[in-house]
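> Quick one, fold the following:
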Amino acid sequence: MCEFVSWKKDSLGEVFFLTDKDVFSPHGRSTLLGTKDNDVFGHGAITAFYGKAVAYLAQFENKKFWKKSSFPAEIATHLESPETLLDTWGNMLRRYLQPDDAYYILTNAPEPWRSALFDICFDHVVKDPEYTYNTLIHVKGLTRAQRNTLVKGVVKDAFYACETLYDVKGLTEIQRNALIKGVVKDAYYTYDTLLRVKGLTEIQRNALVKRVAKSAEYAYDTLLRVKGLTEIQRNALIKGVVKDAFYARHAFFDVKGLTKTQRELLRKNVA
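Numbering: from 1, shown residues only. Here you go, the predicted structure:
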């Protein structure tokens, strides 16, 4: 996919690019029908709009739109300020900007460009758990409401929910509870959360243990490696381990501090 801003130029120096007026005109809607996502910003869309005459022209792109000196005059005139940019491409950005490009703007654009485009970019990064997570990590000055919205985006993916719990500082208890619900979608990341994430409440650990206990493998790993388990949690994990004789056998010999009742339950399922 091409970057915003993209353009083509012929041998006489004429520049071809697309604006809101082009894309949302009757001709634009007709010629760009079926064009997906930020392809609307790209060279293929320019060719579709202007026709075969521009198909083989030299192609250019530059995503640092705040440096207007890097663009031909025909484009630079629209980059005088955030206001002129939005007047020219605002609707395209609102509809077609992709999460990776939105994240790039949030983390690279200087002021006042970043502030002017913040809401547009924020609405797009939350569509992708990877860039939602990275926004939580790298974008400063987020409000609690914005962090809540980002957490909702992250919980769609167990890996990024786990990484957010581990890496992001200052999460509220409500946010951590929401992330736990995302983590438990996957047994491995549930186990990984128990192993790595500090400061979990007993209720949160109970929820994680309940999910891990559904897998004999990760129930065994949890018993073996996770510190500070309560007796109730260890009992739940034993019930998960005994579903598989292989892991029951290993748990019987490898896990320290088992009660007599727990060892007897494992022994019955090894035999």
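
> any idea where the helices of the stretch 51-200 of the chain begin and end?
Along the stretch 51-200 of the chain, the stretches classed as helices by DSSP state H, counting those that start in this stretch are 73-76, 82-96, 99-108, 113-125, 129-138, 144-154, 158-167, 173-183, 187-196.

> would CSV of those with distance to Val212 be doable?
For the C-beta atoms, the positions are set from N, CA and C on the backbone; glycine is no exception. As requested, the helices of the stretch 51-200 of the chain are exported to CSV (distance: least, Cβ to Cβ, whole Å):
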stretch, distance to Val212
helix 73-76, 55
helix 82-96, 41
helix 99-108, 31
helix 113-125, 31
helix 129-138, 22
helix 144-154, 20
helix 158-167, 13
helix 173-183, 10
helix 187-196, 5
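
> what about those, which gets the closest to Leu237?
helix 187-196 (10.2 Å; Cβ to Cβ).

> Could you tell me which residues within that closest one count as buried?
187-194 (16 or more other Cβ atoms under 10 Å).

> residue ranges with poor pLDDT in the stretch 151-271 of the chain?
271 (pLDDT under 70).

> switch to 80 and redo it
The stretch 151-271 of the chain contains residues with pLDDT under 80 at 270-271.

> one step back: out of the buried residues of helix 187-196, who's nearest Ile180?
Relative to Ile180, the closest of the buried residues of helix 187-196 is Thr193; by Cβ to Cβ it sits at 7.6 Å.

> between the buried residues of helix 187-196, which is nearest Lys9?
For the buried residues of helix 187-196, the nearest to Lys9 is Tyr189 (48.7 Å; Cβ to Cβ).

> Please determine how far the closest one is located from Phe159.
6 Å (Cβ to Cβ, to the nearest Å).

> do the same with Ile137
When Ile137 is compared with Phe159 (using Cβ to Cβ), they lie 14 Å apart.

> Can you pick out the residue with more neighbours from those two?
Neighbours were counted for Ile137 and for Phe159 using other Cβ atoms under 10 Å; Phe159 has more, 18 against 13.

> tell me the contacts of that one?
The contact partners of Phe159, by Cβ atoms under 8 Å, 6 or more residues apart in numbering, come to 129, 186, 189.

> go with 6 Å
Tyr189 (Cβ atoms under 6 Å, 6 or more residues apart in numbering).

> Kindly report the same for Leu171.
By Cβ under 6 Å, 6+ apart, Leu171 has no neighbours at all.

> Begin at 59, not 1, for the rest of this chat.
OK, 59 is where the count begins now, so the last one is Leu229.

> Okay, it and Phe310: tell me how far apart.
38 Å.

> Count residues in the vicinity of Lys81, would you?
Let me fix one detail, which is that residue 81 is Val and not Lys. By other Cβ under 10 Å, the residues close to Val81 number 22.

> Please identify the buried residues of stretch 112-119?
So for stretch 112-119, counting by 16+ other Cβ under 10 Å, buried means 112, 115, 117-118.

> actually stretch 306-315, not the one I wrote
Those would be 306-310, 313, for stretch 306-315 by 16+ other Cβ under 10 Å.
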